[in-house]
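J.: model this:
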Amino acid sequence: MQKIDFKSLSLEEMKQLFLKIGEKEYRGEQTFNFIHKNMVDSISKITVLPKDTRDKLEKNYTIGNISVLERYDSKIDDTKKYLFLLEDGNIIESVAMKYSYGTSACISTQVGCKMGCVFCASTKEGLVRNLTSSEILSEVYNIQKDLNLKLSNIVLMGSGEPLDNYDNVINFLKLLHDEKGQNFGYRNITLSTCGLVPKIYKLADEKIPITLSISLHSPFDEDRKRMMPIGKKYRVEEILKACYYYVEKTNRRITFEYTLINGENDRREDLEELARILGGLLCHVNLICLNPIEEFNKTKAKEDKIQEFKNRLNQKGISTTIRREMGSDINAACGQLRRKYIKGL
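T.: Numbers count the residues shown, from 1 in each chain. From the prediction side, this is the model:
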């Protein structure tokens, strides 16, 4: 029988579990608090519980964990990239990036990805499996323990499509936010999606005030289809309609990720159409320089084109910034390091 992972249980589930096994309800709250505040990785370390209780729990319960397989430190900036080994032998990656306001982590939600975006390394081997909410939490906890700090921001923008692992991701968000645990602010969490429209509506109805980030990369359906297979299922117009609904429900500004590719989506008509479709929407555009991968023989847009996009969109009243390239010397772009490591085995 597979052991139940304490790290995936909500506070209420933990209290009910302790009652079920003949313990006091407050012991469940004690355990939840201790696990998440202290980020412990085994039941034997829950020292607020008597030893005989811990021994009893270890027969049927566990605390899932992942281990640091490799850590790569950038010589250019303070970026650190982690390869994590899961208990079943799979490998995922996360990135910690230091900014003036604190340290932000970009974490994965799946082993691999099935979305097939042509310029993304994490999707080339397809989807292996979803991460559990415990495993996603373990990325955060391992980084915090390794760097001896509390992260200021978390971005679900690593390997995988978060909304394709909806239930585990929502559970992760609620566990991380719980005031009896890490008490991590929702407003400091960003979730990036390639545009799973029904799940955007579902997320909006949760009324969890995280930042929603849409990987757009083209305002034209036909061009977007070539870059992002999800474009064959959901049109740009449908995504924007879902975004308006999200803003209405959460009062949160949407971020649009736009990777500028030379000769592909950096033309004047791309710029003008992007400004047109985003006009009137509470949003921000994050322009991204392309990270080259072997299977995609395109190059990033020229500097003057990037600046033109930024200036023109700002002139049109659409808040726009250029994302700073970080950790380029350690393959910090999503999926690159995992693939390199696996190929080298």
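J.: Helices of the stretch 201-345 of the chain, start to end?
T.: Counting by DSSP state H, counting those that start in this stretch, the segments of the stretch 201-345 of the chain that form helices are 221-227, 236-250, 268-278, 303-315, 336-344.
J.: ah, wrong one, I meant the stretch 1-150 of the chain
T.: Under DSSP H, counting those that start in this stretch, the stretch 1-150 of the chain gives helices at 11-20, 25-38, 51-57, 133-147.
J.: My guess is Lys174 contacts Ser10. True?
T.: Yes: assessed by C-beta atoms under 8 Å, Lys174 is found in contact with Ser10 at 6.7 Å. In this view, the C-beta of every residue, glycine as well, is placed from N, C-alpha and C.
J.: what's near enough to touch the closest residue to Ile318 other than its chain neighbours?
T.: Closest residue to Ile318 apart from its sequence neighbours, by C-beta to C-beta, 6 or more residues apart in numbering: Leu278 at 5.3 Å. By C-beta atoms under 8 Å, 6 or more residues apart in numbering, the residues touching Leu278 are Phe256, Val285, Leu313, Ile318.
J.: biggest separation within those, which pair?
T.: Using C-beta to C-beta, the pair of the contacts of Leu278 lying farthest apart is Phe256 and Leu313, separated by 10.0 Å.
J.: shared neighbours, the two?
T.: Any residue near both Phe256 and Leu313 by C-beta under 8 Å, 6+ apart counts here, and that gives Leu278, Val285.
J.: higher neighbour count, the two?
T.: Comparing Phe256 with Leu313 by other C-beta atoms under 10 Å, the one with more neighbours is Phe256, at 26 against 23.
J.: wait, isn't the more buried one in contact with Leu287?
T.: No: Phe256 lies out of contact with Leu287 (C-beta under 8 Å); the separation is 9.5 Å.
J.: Now the common contact residues for these two.
T.: Counting by C-beta under 8 Å, 6+ apart, Phe256 and Leu287 have no shared contacts at all.
J.: Sort out which residues of stretch 251-264 are buried, please.
T.: Residues Arg252, Ile254, Thr255, Phe256, Glu257, Tyr258, Thr259, Leu260, Ile261, Glu264 are the ones in stretch 251-264 that count as buried (16 or more other C-beta atoms under 10 Å).
J.: Out of those, which comes closest to Glu87?
T.: Glu257 (31.6 Å).
J.: Now do the same contact list for that closest one.
T.: Glu257 neighbours (C-beta under 8 Å, 6+ apart): Ser192, Ser213, Ile214, Ser215, Leu216, His217, Asn286, Ile288.
J.: Same list (the residues you listed) but as a markdown table, adding neighbour count and distance to Lys207.
T.: Output for those, formatted as a markdown table (neighbours: other C-beta atoms under 10 Å; distance: C-beta to C-beta, whole Å):
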| residue | neighbour count | distance to Lys207 |
| --- | --- | --- |
| Ser192 | 22 | 19 |
| Ser213 | 20 | 18 |
| Ile214 | 22 | 19 |
| Ser215 | 25 | 23 |
| Leu216 | 26 | 24 |
| His217 | 25 | 28 |
| Asn286 | 19 | 24 |
| Ile288 | 20 | 29 |
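J.: Format these as a markdown table; extra columns: pLDDT.
T.: What follows is these, written out as a markdown table (pLDDT from 0 to 100):
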| residue | pLDDT |
| --- | --- |
| Ser192 | 97 |
| Ser213 | 98 |
| Ile214 | 98 |
| Ser215 | 96 |
| Leu216 | 97 |
| His217 | 95 |
| Asn286 | 96 |
| Ile288 | 91 |
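J.: Pick the one among those closest to Asp270.
T.: Of the contacts of Glu257, the one sitting nearest to Asp270 (C-beta to C-beta) turns out to be His217, at 9.8 Å.
J.: Perfect, that will be all.
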